[in-house]
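**Q** Pasting the sequence and the predicted model now:
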There are 2 protein chains.
Amino acid sequence: MTRAARGRGRRPGGPDTRGEILAAARRSFADRGFGATTIRGVAGEAGVDPALVHHYFGTKDDLFLAALDVPVDPRELVPTVFASGVDGAGERLLRLFLSVWDDPHARQPLLALVRTGLRQEAPESLLRQGILRMLLTPMRAALPPEEADRRVQLVVSQMVGLVVTRYLLALEPLASLSADDLVAWVAPTLQRYLDGPLP
Amino acid sequence: MTRAARGRGRRPGGPDTRGEILAAARRSFADRGFGATTIRGVAGEAGVDPALVHHYFGTKDDLFLAALDVPVDPRELVPTVFASGVDGAGERLLRLFLSVWDDPHARQPLLALVRTGLRQEAPESLLRQGILRMLLTPMRAALPPEEADRRVQLVVSQMVGLVVTRYLLALEPLASLSADDLVAWVAPTLQRYLDGPLP
């Protein structure tokens, strides 16, 4: 389910109220990072009751995804990659990643999030506590606990590197490689990080 | 040779002139990116003759490395990785990369450069035209021309991903993995990108 679809249902306070909450949330996440942003604080800045923020947007994670216009919900999608186990998960994860990032409409808000996030130095930043946590948690759950953190962070290091080189810097020919070619190159990397022998 | 050592020799115009040139260069690279920065423009902003900028700093690439305090010269170091061929170059390149980035003094100006660079959207940015070009050119020279661009960009995608996850976001445990462990995990990735079978 896309973020645009989610939350578009009832609008008891009218579109302005909803938009003001989103704008206040955007400012807070961008200026203060993820950890220091609270539903209460966002409600205060938007001049509404915190219960209304919960009513419109759900949890702080939901508000985060809505405010930053993240086009997919990693909490729903990443578990599907690992539903049939770790075998082949490198390719499934990469194809999911490419299906989102190769879509120009989905890519724009994600690039904006990455640009904003890379500016923040705090550990409670948008990237670490916001989006990466939502990506890493379901991946970690699929792996042996004592190896899981290392393995998923190595996987993420390669995916983040593709975000920067293929999408943000748009290096050619990397930016124009087909999804199939990229899968042939990079899926074995991800798979080895997921279940290759430990050093 | 470190950048700090280079260029510290003669100072005909006194330390202030040299510092003013560096400050003007820093502003120009950060505000305008790499492509739009010229020796002439920097000289104008510093109130000196362009010949003096050349005299102190050499080429625009030299000025770039000095102004942004890049602690090593990729034009000198990267070719040493490939001097004995592509075989084993994945590990040699990664060890070189780690020797620079794991040094906190070397890391600081590089992180500042990455943060500034990731803010710029122009293709003539610091990262693309500035530092990546200096890294990619000597790597590309070691590979078959028709495959070289793809291969070196994939290598760089993994290294950039480590910059972001290990150094910029400092994800744990990835940030604390030993160089040897990281080499065991990541050098095979780089080696496959350098000389693995084409898809």
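**A** Structure's in. What do you need? Numbers count the residues shown, from 1 in each chain, chains lettered A, B, ... in the order given.

**Q** so how far is chain B from the residue nearest to A:Pro138 when sequence neighbours are not counted?
**A** Excluding its sequence neighbours, the residue lying closest to A:Pro138 (Cβ to Cβ, 6 or more residues apart in numbering or on different chains) is A:Val78, at 4.1 Å. For glycine as for every other residue, the C-beta is placed from the backbone atoms N, C-alpha and C. To chain B, A:Val78 is 17 Å away according to Cβ to the nearest Cβ, to the nearest Å.

**Q** Let me know how buried A:Val78 is, in neighbour terms.
**A** By other Cβ atoms under 10 Å in any protein chain shown, 22 other residues sit near A:Val78.

**Q** again, but for the one 3 residues further on
**A** Here the number of neighbours of A:Val81 (other Cβ under 10 Å) works out to 21.

**Q** immediately after the helix or strand hosting it, which helix or strand?
**A** Using DSSP states H and E, the element containing A:Val81 is helix A:74-82. Scanning forward in sequence from helix A:74-82 by DSSP H and E, the next helix or strand is helix A:89-101.

**Q** ok, is the helix-or-strand element of chain A with minimal mean pLDDT in contact with chain B or not?
**A** Across the helices and strands of chain A, the lowest-confidence element by mean pLDDT, DSSP states H and E is helix A:104-119, at a mean of 86. Yes: applying Cβ under 8 Å from any Cβ of the partner chain, one finds helix A:104-119 in contact with chain B at A:115, A:118-119.

**Q** Is A:Val72 in a helix, a strand, or coil?
**A** Assigned by DSSP: H, G, I helix; E, B strand; the rest coil, the conformation of A:Val72 is coil.

**Q** Look up how far chain B lies from it.
**A** Applying Cβ to the nearest Cβ, the value for A:Val72 to chain B is 21 Å.

**Q** Would you check that that residue makes contact with A:Val100?
**A** Yes: look at A:Val72 against A:Val100 with Cβ atoms under 8 Å: they come within range, at 5.5 Å.

**Q** okay, now the closest residue in space to A:Arg75 that isn't next to it in sequence: neighbour count?
**A** Nearest non-adjacent residue to A:Arg75, counting by Cβ to Cβ, 6+ apart: A:Met134, 5.5 Å away. The tally of other residues near A:Met134 (other Cβ under 10 Å) stands at 18.

**Q** Point out the residues in chain A that sit beside chain B.
**A** Contact residues (Cβ under 8 Å from any Cβ) of chain A with chain B: A:115, A:118-119, A:123, A:125, A:127-128, A:132, A:149-150, A:153-154, A:156-162, A:164-166, A:168-174, A:177, A:180-181, A:184-186, A:188-189, A:192-193, A:199.

**Q** Quick check on those: which are buried?
**A** Buried members of the residues of chain A next to chain B, counted by 16 or more other Cβ atoms under 10 Å in any protein chain shown: A:118, A:125, A:127-128, A:132, A:149-150, A:153-154, A:156-162, A:164-166, A:168-169, A:171, A:174, A:177, A:184-186, A:188-189, A:192-193.

**Q** which helices and strands sit right next to the helix holding A:Val81?
**A** Secondary-structure packing of helix A:74-82 (3 or more Cβ pairs under 8 Å, 6 or more residues apart in numbering or on different chains; DSSP states H and E): helix A:89-101, helix A:133-140.

**Q** Contacts made by the shortest one with the rest, please.
**A** Put plainly, it is helix A:133-140. Under the contact criterion Cβ atoms under 8 Å, 6 or more residues apart in numbering or on different chains, helix A:133-140 has outside partners A:61, A:65, A:74-75, A:78-79, A:81-82, A:93, A:148-149, A:152-153, A:155-156.

**Q** Just give me how far it sits from the chain centre.
**A** Its chain's C-alpha centre and that of helix A:133-140 lie 10 Å apart, by Cα atoms, centre = their mean, to the nearest Å.

**Q** I'd like the next helix or strand past it.
**A** Following helix A:133-140 toward the C-terminus (DSSP H and E): helix A:145-162.

**Q** avg pLDDT for the next helix or strand after that following helix?
**A** Using DSSP H and E, the helix or strand that follows helix A:145-162 in sequence is helix A:179-195. Mean pLDDT, computed over helix A:179-195, is 98.

**Q** What angle do helix A:133-140 and helix A:179-195 make with each other?
**A** Calculated by axes from the mean of the first three to the mean of the last three Cα atoms, to 10 degrees, helix A:179-195 forms an angle of 70 degrees with helix A:133-140.

**Q** What helices and strands are in contact with helix A:179-195?
**A** Where contact means 3+ Cβ pairs under 8 Å, 6+ apart, helix A:179-195 is packed against helix A:89-101, helix A:145-162, helix B:145-162, helix B:179-195.

**Q** out of the residues of helix A:104-119 next to chain B, which one sits closest to chain B?
**A** Closest approach between the residues of helix A:104-119 next to chain B and chain B, by Cβ to the nearest Cβ: A:Leu118, at 4.9 Å.

**Q** At the geometric centre of chain A, which residue do we find?
**A** What sits nearest the mean C-alpha location of chain A, by Cα atoms, centre = their mean, is A:Ile131, with 3.9 Å.

**Q** That one - nearest residue in space that isn't next to it in sequence?
**A** Of all residues not flanking A:Ile131 in the chain, A:Leu113 sits nearest, at 6.5 Å (Cβ to Cβ, 6+ apart).

**Q** quick one: the residue in chain A positioned nearest to chain B and B:Val156, what's the gap?
**A** With Cβ to the nearest Cβ, the shortest gap between chain A and chain B falls at A:Gly161, namely 2.7 Å. According to Cβ to Cβ, to the nearest Å, A:Gly161 and B:Val156 sit 8 Å apart.

**Q** residue ranges with poor pLDDT in chain A?
**A** When residues are selected by pLDDT under 70, those of chain A lie in A:1-15, A:121-124.
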